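# Any chance you could fold what I've pasted below:
(chains A and B)
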Protein chains: 2
Amino acid sequence: MATYNYQPSAPSMPENYAPDPPTSLNSSSHELYGNHGYSQSANQGVQSNYGYSSSYSSYGYPNVGGQSGGFAPGTHPEIVRSFQMVDKNRSGFIEERELEEALSMNYQKFSLRTVRLLMFLFKKGDSLKIGPNEFAALWNCLGEWRAIFERFDKDRSGKIDLTELRDALYSLGYAVPPSVLQVLMSKYDNGSGRRVELNFDSFVECGMIVKGLTEKFKEKDKRYTGSATLTYDEFLRMIIPFLIP
Amino acid sequence: MATYNYQPSAPSMPENYAPDPPTSLNSSSHELYGNHGYSQSANQGVQSNYGYSSSYSSYGYPNVGGQSGGFAPGTHPEIVRSFQMVDKNRSGFIEERELEEALSMNYQKFSLRTVRLLMFLFKKGDSLKIGPNEFAALWNCLGEWRAIFERFDKDRSGKIDLTELRDALYSLGYAVPPSVLQVLMSKYDNGSGRRVELNFDSFVECGMIVKGLTEKFKEKDKRYTGSATLTYDEFLRMIIPFLIP
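Reported below is the predicted structural model:
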């Protein structure tokens, strides 16, 4: 159980960030969803550390070599460089295996499950690849999530527990009910009897599931009543894309 | 597009089949769910071929060696034998890897994803293993699904297409809307441009997802209106168990 002063926050977006994120899932507007006794103090922004080196602490750099390469103006040059490094065949798109490699290079080994979930949430339409701007949105999102993960991983163990997961998700704008958190964590229980903890890969997987499903639910609950009516068709169509990645 | 006479049917249960299947998901009562222009002729029983050799064409055999081994009276001896063969440590329970091996022996190579989905749908509560009666229910269910799969795989290619999947699921009691079938099939599209077809493993995965989600939906739509109201918590708790197998 963490004992720090609980002060949820979410990063404000850089001023000249690409103005039109590819899909609503990529939005960084942290409208807190759900009401489970949490205070409404979330989103009172503390500028987050995006995980870049200090020489890249501000945004608005011109693109590397003056080439836009399909990126929106103002995209952080580190992102452009990362993209160019992993797009080995210079196709202008990142495929599943390339994303897996990029993530492993910048963070840690990511499971193919998480990579596929990220591809699914950030790609446009039926494509099996992601383009420059989707990559930038994904990269910004992961940088933000990494910063939050590190903030809640107090002992720098590289892992967070149930309470820390709750607080981290709350920081990201999701007030997840305890019963749901229990179900989430139980999926990572290997039966050893030890307390379940999540590494960054699993944290991203959990968080992206909550993010993706919450966005879907909100589409059917536009007035934020906390309740939605779905037809059988809508229900299946909403969920199945998450299921067989 | 299949051109046979379409005559959906579901197997009637053997008279002395274990009377209390472990969970509602294991029920073989085929209440047709959804109404998408299909006739109501489903469930007018044709006794299915359970995939056993002809010497086991009737039920009610005494258990092998007179040992019940935790099985309900009247459990088919082939099922008891299968269970005993895979339960190598004689623990009385089947674990994930053991189930994978049993399925591969009796059918074909099953993906770990499908094995985990089966474990999730047939196990009791939070257990990570399945006991004799859950195994029997799973085994009966798979035998039935295999028979249906073979009935719709007209050219014995070992694969079925979208239309055949629709008809096979209908035979199993699920009237799945075309838009949902499209989403399901698209997950198996490898981008080669060829028509997507499912082998038995993928058919079971698809079918179990539809079966599991439909059961969950029906719990919230007890009067079969085709529409259900869910809270955010219920929605997440309902879906997350399917997501991280």
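# where in chain A is pLDDT low?
Within chain A, the ranges that satisfy pLDDT under 70 run A:1-68, A:244-245.
# let's see it at 80
Low-confidence segments of chain A (pLDDT under 80): A:1-69, A:106-107, A:125-128, A:190-193, A:244-245.
# Okay, strands next: where are they in it?
Using DSSP state E, the strands of chain A run over A:227-231.
# for it, what spans make up the helices?
For chain A, helices defined by DSSP state H occupy the ranges A:77-86, A:96-106, A:112-122, A:132-152, A:162-171, A:178-186, A:200-219, A:232-243.
# elements contacting the first one?
Which is helix A:77-86. On a contact count with 3 or more C-beta pairs under 8 Å, 6 or more residues apart in numbering or on different chains; DSSP states H and E, helix A:77-86 meets helix A:96-106, helix A:132-152. In short, each C-beta sits where N, CA and C put it, glycine included.
# So for residue B:88, which of those helices sits nearest?
For the helices and strands packed on helix A:77-86, the distance to residue B:88 is smallest for helix A:96-106, at 35.1 Å, taking C-beta to C-beta.
# what angle separates that closest one from helix A:200-219?
Angle, helix A:96-106 to helix A:200-219, by axes from the mean of the first three to the mean of the last three C-alpha atoms, to 10 degrees: 120 degrees.
# Quick check: residue A:198 touching residue A:159?
Yes: between residue A:198 and residue A:159 there is a contact under C-beta atoms under 8 Å: 6.2 Å.
# higher neighbour count, those two?
residue A:198 (24 against 17; other C-beta atoms under 10 Å in any protein chain shown).
# Mind listing the residues bridging to the more buried one?
residue A:160 (DSSP bridges).
# show me the contacts for it.
Residues near residue A:198 by C-beta atoms under 8 Å, 6 or more residues apart in numbering or on different chains: A:159, A:160, A:161, A:165, A:185, A:188, A:206.
# Spell out for me the ChimeraX command that would select the buried members of the residues you listed.
In ChimeraX, this line selects whichever of the contacts of residue A:198 come out buried by 16 or more other C-beta atoms under 10 Å in any protein chain shown:
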select /A:159,160,161,165,185,206
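# May I see the helices and strands packed on helix A:77-86 arranged in CSV, with distance to residue A:232 as well?
Listed next are the helices and strands packed on helix A:77-86 as CSV, based on distance: least, C-beta to C-beta, whole Å:
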stretch, distance to residue A:232
helix A:96-106, 31
helix A:132-152, 31
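# Out of those, which is closest to chain B?
When the helices and strands packed on helix A:77-86 are compared by C-beta to the nearest C-beta, helix A:96-106 sits nearest chain B, at 10.5 Å.
# so how far is stretch A:121-129 from its chain's centroid?
Offset of stretch A:121-129 from its chain centre (C-alpha atoms, centre = their mean, to the nearest Å): 16 Å.
# Can you tell me what sits against it?
For stretch A:121-129, the external contacting residues (C-beta under 8 Å, 6+ apart) are A:22-23, A:25-26, A:91, A:93-96, A:119, A:130-131, A:134-135, A:137-138, A:141, A:208, A:211-212, B:186, B:191.
# Narrow those to those that are buried.
Those of the contacts of stretch A:121-129 that meet the buried threshold are A:22, A:25-26, A:93-96, A:119, A:130-131, A:134-135, A:137-138, A:141, A:208, A:211-212, by 16+ other C-beta under 10 Å.
# Of all the helices of chain A, which one is nearest residue B:80?
Proximity to residue B:80, assessed across these by C-beta to C-beta, is greatest for helix A:178-186 (31.3 Å).
# nearest spatial neighbour of residue A:115, skipping sequence neighbours?
residue A:100 (4.6 Å; C-beta to C-beta, 6 or more residues apart in numbering or on different chains).
# Now for residue A:190, how many residues are close by?
8.
# do the same with residue A:84
With other C-beta under 10 Å as criterion, residue A:84 counts 15.
# ok, residue A:215 - how many residues close by?
Neighbour number of residue A:215 under other C-beta under 10 Å is 16.
# go on, residue A:180?
Residues lying near residue A:180 (other C-beta under 10 Å) number 25.
# How about it, nearest residue that isn't a chain neighbour?
Among residues not flanking residue A:180 along the chain, residue B:236 sits closest, at 4.5 Å (C-beta to C-beta, 6+ apart).
# residues contacting that neighbour?
Taking C-beta under 8 Å, 6+ apart as the test, what residue B:236 contacts is A:176, A:177, A:180, A:183, A:210, A:213, A:214, A:217.
# what's the most distant pair in those?
A:183 and A:217 (15.6 Å).
# higher neighbour count, the two?
The residue with more neighbours, out of residue A:183 and residue A:217, is residue A:217; 22 against 19, by other C-beta under 10 Å.
# Distance to residue B:202 added to the helices of chain A, as a markdown table?
Formatted as a markdown table, the helices of chain A follow (distance: least, C-beta to C-beta, whole Å):
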| stretch | distance to residue B:202 |
| --- | --- |
| helix A:77-86 | 30 |
| helix A:96-106 | 19 |
| helix A:112-122 | 16 |
| helix A:132-152 | 28 |
| helix A:162-171 | 33 |
| helix A:178-186 | 26 |
| helix A:200-219 | 22 |
| helix A:232-243 | 12 |
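# Does residue A:221 touch residue A:228 like I think?
Yes: if you go by C-beta under 8 Å, residue A:221 and residue A:228 touch, sitting 4.2 Å apart.
# what is in contact with these two at once?
Contact criterion C-beta under 8 Å, 6+ apart; residues shared by residue A:221 and residue A:228: residue B:232.
# List the contacts of the residue nearest to residue A:115.
A:110, A:112, A:115.
# Chain neighbours aside, what residue packs nearest to residue A:131?
For residue A:131, ignoring the flanking residues on the chain, the nearest one in space by C-beta to C-beta, 6+ apart is residue A:93 at 5.6 Å.
# Let me fix that, I meant to ask about residue A:216.
Nearest residue to residue A:216, sequence neighbours excluded (C-beta to C-beta, 6+ apart): residue A:238, at 5.0 Å.
# Go ahead and confirm the one you found touches residue A:230.
Yes: the criterion here is C-beta under 8 Å, and residue A:238 meets it with residue A:230 at 7.2 Å.
# okay, now residue A:110: neighbour count?
Neighbours around residue A:110, by other C-beta under 10 Å: 24.
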